[in-house]
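Visitor: coordinates only, sequence not included:
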């Protein structure tokens with residue numbers, strides 16, 4: 001059934017969470033097809049859902065023709081029943097998987113495991129650190145956004161060998177306790193906390209919950225092996241409240257990196273942006289190191305500072321770090337520069353967050369040329385959706401000559417309320433065709449976020 005596939009697709013995008021899927025269905029009760037921006041992945045779990053759904057459907061024929069008809073009209077009910085059936089064995093399988101992965105890693109005493117988490121920036125930081133470490137010693141990383149129990153287990157099962165020196169593990173979470181569980185599954189020796197922000201606030205409910213959840217990784221390692229972004233106010237406030245924030249460099253219990261605080265363990269003192277990339281100086285203790293990279297934007301530079309700092313903590317030779325940084329390419333659709341004629345397209349369509357959005361707009365405000373913005377806004381901001389988009393709109397209104405908002409929503413309406421010259425276009429608008437058209441009359445075109453099918 002085509003509708004069952006659509007519902008299963010959305011259920012997968014929502015992390016197989018019944019409550020979130022039900023919220024989507026209430027908003028889209030008659031949606032029979034999605035665009036497949038992120039296609040349905042036929043995992044073992046997905047196949048089990050399909051099998052159980054058809055089994056329940058066939059069984060319903062013998063129970064009641066009316067029940068059979070209801071299931072045909074709204075197959076999401078089949079997924080809910082299948083979820084209930086699978087609950088007991090899923091719990092058992094999950095813990096067996098966790099213990100198996102843990103033992104596999106403990107059986108590799110030569111392996112150094114680095115955990116990375118944050119509201120944003122973790123995947124990019126992971127990719128950057130991998131490129132540096134892999135040029136020094138054999139390194140394994142979790143690919144893409146494989147940051148859950150089963151995703152991590154799959155990587156360890158297929159790719160872990162005794163020849164590896166480093167394992168970089170991205171850790172994601174939507175509720176408190178998830179990262180603590182991942183740290184049991186993958187015991188980290190080192191930790192990076194990139195940022196804490198409003199991303200996924202709809203799931204965490206409060207910034208305090210987000211902060212406590214992300215610090216579960218920092219708390220899992222020796223403080224001298226942990227590194228955090230001290231420029232992030234939520235991280236800094238948490239450290240001060242927990243008496244972990246140093247007054248003097250020599251008393252630092254947790255390593256920090258910063259663009260603002262010269263007392264940080266690692267301090268970016270100078271940087272310069274251009275269409276060709278970025279150059280910057282990183283200071284640590286009594287040493288300064290100059291780096292150049294093809295990467296663009298202060299958000300990229302913040303992630304790169306974390307990656308370089310961790311590499312220095314791991315005693316990777318500075319020259320290897322410099323050579324690696326000079327050859328870095330951006331993670332796909334994350335501040336990726338693409339030239340069309342005389343224009344530069346900044347492809348940041350993978351995801352978006354409030355802080356990153358503001359940073360790239362600030363970066364562009366300092367560069368010459370006519371500028372255009374294409375965005376559908378940021379999702380999962382909960383009750384702060386309106387006020388955050390009003391702030392973004394107000395900033396964008398001063399920087400961009402042209403603003404195209406994709407789709408009618410509370411996000412775009414709030415954005416337009418403070419950026420009156422912006423235009424709201426249909427959700428079906430082909431973004432890249434629009435970007436190419438704008439490139440004919442603009443020097444810079446920023447594509448910020450690309451909503452998945454469940455939005």
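Guide: Received, thanks. Quantities reported herein were computed from a predicted structural model and do not represent experimental measurements.

Visitor: the longest helix in the protein is where?
Guide: Longest helix of the chain, by residue count under DSSP state H: helix 76-106.

Visitor: buried set for that one?
Guide: Residues of helix 76-106 classed as buried by neighbour count (16 or more other Cβ atoms under 10 Å): 76-79, 81-83, 86, 97-98, 101-102, 105. C-beta here means a position set from N, CA and C on the backbone, and glycine is covered the same way.

Visitor: what helices or strands is that helix leaning on?
Guide: Helix 76-106 sits against helix 2-13, helix 18-27, helix 44-63, helix 65-73, helix 149-159, helix 178-185, with contacts defined as 3 or more Cβ pairs under 8 Å, 6 or more residues apart in numbering; DSSP states H and E.

Visitor: TSV for those, including mean neighbour count, mean pLDDT and distance to residue 384?
Guide: Shown next, in TSV, are the helices and strands packed on helix 76-106 (neighbours: other Cβ atoms under 10 Å; pLDDT from 0 to 100; distance: least, Cβ to Cβ, whole Å):
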stretch	mean neighbour count	mean pLDDT	distance to residue 384
helix 2-13	20	81	22
helix 18-27	14	79	18
helix 44-63	15	89	33
helix 65-73	13	86	36
helix 149-159	17	93	29
helix 178-185	20	95	22
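
Visitor: Let me have these in CSV, adding distance to residue 220 as columns.
Guide: Formatted as CSV, these follow (distance: least, Cβ to Cβ, whole Å):
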stretch, distance to residue 220
helix 2-13, 29
helix 18-27, 27
helix 44-63, 27
helix 65-73, 45
helix 149-159, 15
helix 178-185, 4
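
Visitor: how about those helices, which one is nearest residue 285?
Guide: Taking Cβ to Cβ, helix 178-185 is the member of the helices and strands packed on helix 76-106 nearest to residue 285, at 29.1 Å.

Visitor: Show me how far stretch 377-387 is from its chain's centre.
Guide: In this view, stretch 377-387 has its centroid 16 Å away from the chain centroid, taken as Cα atoms, centre = their mean, to the nearest Å.

Visitor: Same check on stretch 192-211?
Guide: Counting by Cα atoms, centre = their mean, stretch 192-211 is centred 12 Å from the centre of its parent chain.

Visitor: Which pLDDT value does the model give the residue most central in space within the chain?
Guide: With distances taken as Cα atoms, centre = their mean, residue 120 lies nearest the centre of the chain, 4.8 Å away. Listed pLDDT for residue 120 reads 86.

Visitor: what's downstream of the helix or strand of the chain with the lowest mean pLDDT, the next helix or strand?
Guide: Every helix and strand of the chain was ranked by mean pLDDT, DSSP states H and E. The lowest is helix 201-204, at a mean of 63. Per DSSP states H and E, the first helix or strand lying C-terminal to helix 201-204 is helix 207-218.

Visitor: What helices and strands are in contact with that next one?
Guide: Helix 207-218 packs on strand 112-117, helix 178-185, strand 190-193, helix 201-204, helix 233-241, going by 3+ Cβ pairs under 8 Å, 6+ apart.

Visitor: quick one: which of the ones you listed is nearest residue 131?
Guide: strand 112-117 (13.6 Å).

Visitor: Which residues does the helix or strand just after the closest one contact?
Guide: Scanning forward in sequence from strand 112-117 by DSSP H and E, the next helix or strand is helix 122-134. Contacts of helix 122-134 with the rest of the structure, by Cβ atoms under 8 Å, 6 or more residues apart in numbering, involve 114, 116, 118, 139, 141-142, 144-145, 147, 165-166, 168, 170-172, 192, 194, 300, 303-304, 306-308, 310-311, 314, 316, 320-321, 324-325, 327-328, 330-331, 334.

Visitor: about what we covered before: so which of the helices and strands packed on helix 207-218 is the most packed in?
Guide: Counting by mean count of other Cβ atoms under 10 Å, strand 190-193 has the highest mean neighbour count of the helices and strands packed on helix 207-218, with a mean of 27.

Visitor: What are the contacting residues of that strand?
Guide: Here strand 190-193 has contacts from 112-118, 122, 125, 129, 214-215, 217-218, 220-221, 225-229, 235, 306, 310, 313-314, using Cβ under 8 Å, 6+ apart.

Visitor: ok, it: who's next to it in the sheet?
Guide: Neighbouring strands of strand 190-193 in its sheet, by DSSP bridges, are strand 112-117 (parallel), strand 226-229 (parallel).

Visitor: Quick one: residues in contact with the first one.
Guide: Put plainly, it is strand 112-117. By Cβ under 8 Å, 6+ apart, strand 112-117 touches 105, 122, 125-126, 129, 165-173, 179, 182-183, 186-194, 214, 217, 220-221, 310, 314.

Visitor: let's go with 7 Å and repeat that
Guide: Contacting residues not belonging to strand 112-117 are listed as 105, 122, 125-126, 165-171, 179, 183, 186-194, 214, 217, 310 [Cβ atoms under 7 Å, 6 or more residues apart in numbering].

Visitor: For ChimeraX, write the selection for the buried entries among the residues you listed.
Guide: Command for ChimeraX, covering only those of the contacts of strand 112-117 found buried under the criterion 16+ other Cβ under 10 Å:
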select :105,122,125,126,165,166,167,168,169,170,171,179,183,186,188,189,190,191,192,193,194,214,217,310
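
Visitor: Tell me the buried residues within the contacts of helix 122-134.
Guide: 114, 116, 118, 139, 141-142, 147, 165-166, 168, 170-172, 192, 194, 300, 303-304, 306-308, 310-311, 314, 316, 321, 324-325, 328, 330-331, 334.

Visitor: So which of those residues are in strands?
Guide: Counting by DSSP state E, the buried ones among the contacts of helix 122-134 place 114, 116, 139, 141, 166, 168, 170, 192 in strands.

Visitor: so for stretch 285-301, what's the average pLDDT?
Guide: 89.

Visitor: Surely the residue nearest to the centre of the chain and residue 356 touch.
Guide: Yes - the pair residue 120 and residue 356 qualifies as a contact (Cβ atoms under 7 Å) at a distance of 6.0 Å.

Visitor: Columns distance to residue 406 and mean pLDDT on top of the strands paired with strand 190-193, output as a markdown table?
Guide: Listed next are these as a markdown table, based on distance: least, Cβ to Cβ, whole Å; pLDDT from 0 to 100:
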| stretch | distance to residue 406 | mean pLDDT |
| --- | --- | --- |
| strand 112-117 | 30 | 97 |
| strand 226-229 | 30 | 96 |
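
Visitor: Export these to a markdown table and append columns for distance to residue 160.
Guide: Shown next, in a markdown table, are the strands paired with strand 190-193 (distance: least, Cβ to Cβ, whole Å):
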| stretch | distance to residue 160 |
| --- | --- |
| strand 112-117 | 11 |
| strand 226-229 | 24 |
